[in-house]
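K.L.:
Sequence below, structure please.
(chains A and B)
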Amino acid sequence: METLFGIDYPTLWFLVVGGLFSGYAILDGFDFGAGAWHLFFKKEKSRRLALNAIGPVWDGNEVWLVIGGGALFAGFPVMYATLFSGMYVPFMLFLLVIIMRAVSIEFRSKEPMLWWRKMWDISYSVSSIMLPFLLGIVLGNVLLGMPLGEGFEYEGEGFLSFLNPYAIMVGVSTLALMMSHGAIYLLLKTEGRMYAKLTLLLKKGMIFFMVSFGITSLYTLIYIPHLSDTFRGNPELFVVPLAALLCIANVPRLANKKKYGKAFLFSSLTISLLLILVAIELYPNLLFSTLDPKYTITVYNAASSDKSLGIMLTFAAIGTPLVLGYTAFVYITFRGKVKIDETSY
Amino acid sequence: MDVEILSRIQFAFTIAFHYIYPPLSIGLGLIMVIMESLYLRTGNKDYEILAKFWTKIFALTFGIGVATGIVMEFEFGTNWATYSRYVGDVFGSALAAEGIFAFALESGFLGVLLFGWNRVKPWVHWVATLGVFLGSMFSAVWIVIANSWQQTPAGFHIVGEGMQARAEIIDFWEMVFNPSSMDRLVHTWQGAFLAGAFLVLSVHAYYLRKGRYIAISKKAFKIALVVATVFSLAQLISGHSSANGVAVNQQAKLAAFEGHFEENAAAPMYLFGWVDKSSQTVTGLSIPGGLSYLLHYEFGAPVTGLNAFPEEDRPSQVNAVFQFYHIMISIGMFLIVLTLVACFQWYRGELFESKGLLWVFSFAVILPQIANQVGWFAAEMGRQPWVVYGLLRTSDALSKTVTANQVLFSLILFFIVYTILLLLFLYLLNKKIKHGPYDEEEELDRPFQHDVAASFSPDK
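P.N.:
Numbers count the residues shown, from 1 in each chain, chains lettered A, B, ... in the order given. Take a look at the predicted model:
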């Protein structure tokens, strides 16, 4: 098996996919979060400001999903096939909702009628709430493990087999996390009364997150022992959940001091650390089989060949600086508070 | 209906709908780059106004293109799990390249293209426009390579047996330059340029007929006419080259294109016709030995027919493949004639004299769209019963765990959402066109003054 810096290719690609998902969660996370609060803003002007705060970047953020999904497909085709066909209904709902959301953003401000704007405001906000929730549902199922049998095929039954209390809890926590994250982003982008209102919303968002996250964590520790195995074997890894908790605690502290730039940074770090936590809990497994451990999907039995992974690692090495470059260019061009002009939504 | 049929309908429906938009984005991207370049070179404000106007329409097509594009990537996993496992190792690197080199480039610069007019210098904006255009060109590169690999697999070997078999890459460049990829890529690009150019021609022909925005419409019409003429002609050459490739690599598909059944006989070329599969006859108008001549430059040369293949290894919908292929060719020929006539009128200095010609251009916008759609239908249905030619059958490529009910559920939802989406798209496109290119004020905050801006147009 080929290695780079002493790490084998499947593990490296696992890190790449993790990095992409984490980038996606941070970036699309704040625009989902901003959208989830949309109906809390009552004035037309505020709603337009909120929409234009994410205007130039939401589309680029969504591309991280396309890249992340592509990376999973390319590196772990077995995982991709099993997860997506097993979670058919939530993924289909996700697709329809993500289309509705894009359409709502594009079309909302194209007509002046009140009913028109109200309709798109509702569909924008509802879809922005559903997307992180559905992603959380899928994550919850991955953490819980799925009934996998011969040939790593999903053997769950029924239309709604993806709905279980744990997945719903993870879904709610994901939504709450994104909402806090999105509120901080909007605070960076707005001023005046809207800014004042957002400081209150952020407080609510953080309480919502702390409560749902607390319950989910307890549930995980008590009912899903296979997830904490790695930590029992390697106590030094406890530094990761500890760091995550410190980051979470740091966000309200910074928010109280009105240091929203730093708060956004720590909120992003929180998201990354929670995903690193997930990665540690899973690795080397990708999807635990609840039927028979021999059908558990791991980074090794799901991976593409070393040849293929080597090509893709080269792409990632060339492409990552480019992607970071464009992203920085856009965020620098549109830095500062939102201003509405004739090109705005 | 069974899962296979439903999944195929769903994939065909979602990809056909998606494919309305990316060609427009690629084609409009090219024309926007030309307009902005002319603005930078000449400093003539008209080109800036045109570039801004077309950027707004581009935003509409691009947004829907991205949103509907994620669907296909997900469907590989949700509906075609066995296919995903089979091709992942090979297909994966093309898809990864597409994401990291193409999508990131276009979406990265998109924000600046759409919202950056007042924020960056004109040349920086031009760079952003070029970045988005090149990004959309690269997206076509990787997805067409991946699709071409399914048509003419190369650079791989098979590992494992039976249902556990999968393709593994051994030579990346051989996969990239598989026998059909370059022909098909050029053909796809040019089809996209035509889709964009004919939209520009249509809108400005409409303005010219109505006597609105005459000065800038003449400029835009000429730019788009040059693009349309060059690529209509080039499409003939690339189409010929592509068909020659199909004749070598996918004989059953080529035979289906022309409804040619006899195992080893000279083949005619039909201008139009109707294939009856049971009696193995084609009724229509043909040039005897035409296909033989195009492939081998000899009217009597034998061409392998469908009967040379076992029933289960050839496309079942021969007539559909035949019709799609012939509609594409007829449209291609018509576009050549139309653009050449227009160029001749231009040469005589009478391009904008004939309302009839402008009228034809107003409606010709639909033709490249139809040609793009039926071309892909011919290519994909002609590949059947294989999803990876000669290696993996479509019926084996399904997700085993997904049920017909689930697919029916998602298919109905897609149908509803896409119908709404299409209606909204047409409504807003029409509105933007009616509204015209002059719109410096914030129209949205002054809802009842839509036409005021238009009446300031210098052409009135």
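
K.L.:
who in the stretch 151-300 of chain A is up against chain B?
P.N.:
A:151, A:153-156, A:159 (Cβ under 8 Å from any Cβ of the partner chain). C-beta: built from backbone N, CA, C; applies to glycine.

K.L.:
Quick one: buried ones out of those?
P.N.:
Taking 16 or more other Cβ atoms under 10 Å in any protein chain shown as the criterion, what is buried in these is A:153-155.

K.L.:
and the end-to-end length of stretch B:161-179?
P.N.:
Stretch B:161-179 has its terminal residues 26 Å apart, counting by Cα to Cα, to the nearest Å.

K.L.:
So what's the residue count around the residue of the stretch 101-250 of chain A found nearest chain B?
P.N.:
Across the stretch 101-250 of chain A, the shortest distance to chain B (Cβ to the nearest Cβ) belongs to residue A:112, at 3.3 Å. Residue A:112 is flanked by 15 other residues according to other Cβ atoms under 10 Å in any protein chain shown.

K.L.:
What's the separation between it and residue A:118?
P.N.:
Going from residue A:112 to residue A:118 by Cβ to Cβ, to the nearest Å gives 12 Å.

K.L.:
I'd like the residues of the stretch 151-300 of chain A next to chain B as JSON lines, with pLDDT and secondary structure appended.
P.N.:
JSON lines is the format used below for those (pLDDT from 0 to 100; DSSP: H, G, I helix; E, B strand; the rest coil):
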{"residue": "A:151", "pLDDT": "81", "secondary structure": "helix"}
{"residue": "A:153", "pLDDT": "84", "secondary structure": "coil"}
{"residue": "A:154", "pLDDT": "87", "secondary structure": "strand"}
{"residue": "A:155", "pLDDT": "83", "secondary structure": "coil"}
{"residue": "A:156", "pLDDT": "80", "secondary structure": "coil"}
{"residue": "A:159", "pLDDT": "75", "secondary structure": "coil"}
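
K.L.:
tell me which of these is nearest to residue A:222?
P.N.:
Using Cβ to Cβ, residue A:156 is the member of these that lies nearest residue A:222, at 23.2 Å.

K.L.:
nearest spatial neighbour of that closest one, skipping sequence neighbours?
P.N.:
Spatial nearest neighbour of residue A:156, excluding adjacent residues (Cβ to Cβ, 6 or more residues apart in numbering or on different chains): residue A:147 at 5.1 Å.

K.L.:
Any idea how many residues pack against the one you found?
P.N.:
Neighbour count of residue A:147, defined by other Cβ under 10 Å: 16.

K.L.:
What of the one 3 residues further on?
P.N.:
Neighbourhood size, residue A:150 [other Cβ under 10 Å]: 12.

K.L.:
got the contact list for it?
P.N.:
Contacts of residue A:150 were listed using Cβ atoms under 8 Å, 6 or more residues apart in numbering or on different chains, and they are residue A:295.

K.L.:
can we see that at 10 Å?
P.N.:
A:291-292, A:294-295, B:163, B:400 (Cβ atoms under 10 Å, 6 or more residues apart in numbering or on different chains).

K.L.:
Hmm, which of these is lowest in pLDDT?
P.N.:
Scanning these for pLDDT, the smallest score is found at residue B:163, 73.

K.L.:
ok, how many other residues are close to that one?
P.N.:
Per other Cβ under 10 Å, the neighbour tally for residue B:163 reads 13.

K.L.:
What is the burial count for the closest residue to residue A:252 other than its chain neighbours?
P.N.:
Leaving aside its sequence neighbours, residue A:252 sits nearest to residue A:206 (Cβ to Cβ, 6+ apart; 5.4 Å). As a burial measure, residue A:206 scores 21 neighbours (other Cβ under 10 Å).

K.L.:
quick one: contacts for residue A:206?
P.N.:
The contact partners of residue A:206, taken as Cβ under 10 Å, 6+ apart, are A:176-177, A:179-180, A:183-184, A:248, A:251-252, A:255, A:267.

K.L.:
pLDDT weak spots in the chain?
P.N.:
I went with chain A, as the question did not name one. Within chain A, the ranges that satisfy pLDDT under 70 run A:343.

K.L.:
ah, no, chain B please
P.N.:
B:439-460.

K.L.:
Which ones among the contacts of residue A:206 map onto helices?
P.N.:
Judged by DSSP state H, the subset of the contacts of residue A:206 located in helices is A:176-177, A:179-180, A:183-184, A:248, A:251-252, A:255, A:267.

K.L.:
Among those residues, name the buried ones.
P.N.:
Buried members of the ones in helices among the contacts of residue A:206, scored by 16+ other Cβ under 10 Å, are A:176-177, A:179-180, A:183-184, A:248, A:251-252, A:255, A:267.

K.L.:
gap between the two ends of stretch B:255-274?
P.N.:
Stretch B:255-274: ends 14 Å apart by Cα to Cα.

K.L.:
For it, buried residues please.
P.N.:
Quick answer for stretch B:255-274 (16+ other Cβ under 10 Å): B:255-262, B:265-270, B:273.

K.L.:
do stretch B:115-135 as well
P.N.:
Quick answer for stretch B:115-135 (16+ other Cβ under 10 Å): B:115-117, B:119, B:125-135.

K.L.:
Farthest-apart pair in those residues, please.
P.N.:
Spatial extent of the buried residues of stretch B:115-135 (Cβ to Cβ) is set by the pair B:119 and B:134 at 21.1 Å.

K.L.:
Spell out, range by range, the helices that occur in the stretch 101-250 of chain A.
P.N.:
In the stretch 101-250 of chain A, the segments counted as helices under DSSP state H, counting those that start in this stretch are A:114-144, A:165-189, A:192-223, A:225-233, A:239-256.

K.L.:
hey, which of these is tucked in deepest?
P.N.:
For the helices of the stretch 101-250 of chain A, the largest average neighbour count (mean count of other Cβ atoms under 10 Å in any protein chain shown) is found in helix A:165-189, namely a mean of 25.

K.L.:
For residue B:399, I want the exact helix or strand it lies within.
P.N.:
Counting by DSSP states H and E, no helix or strand carries residue B:399.

K.L.:
Relative to residue A:8, how far out is it?
P.N.:
In terms of Cβ to Cβ, residue B:399 sits 29 Å off from residue A:8.
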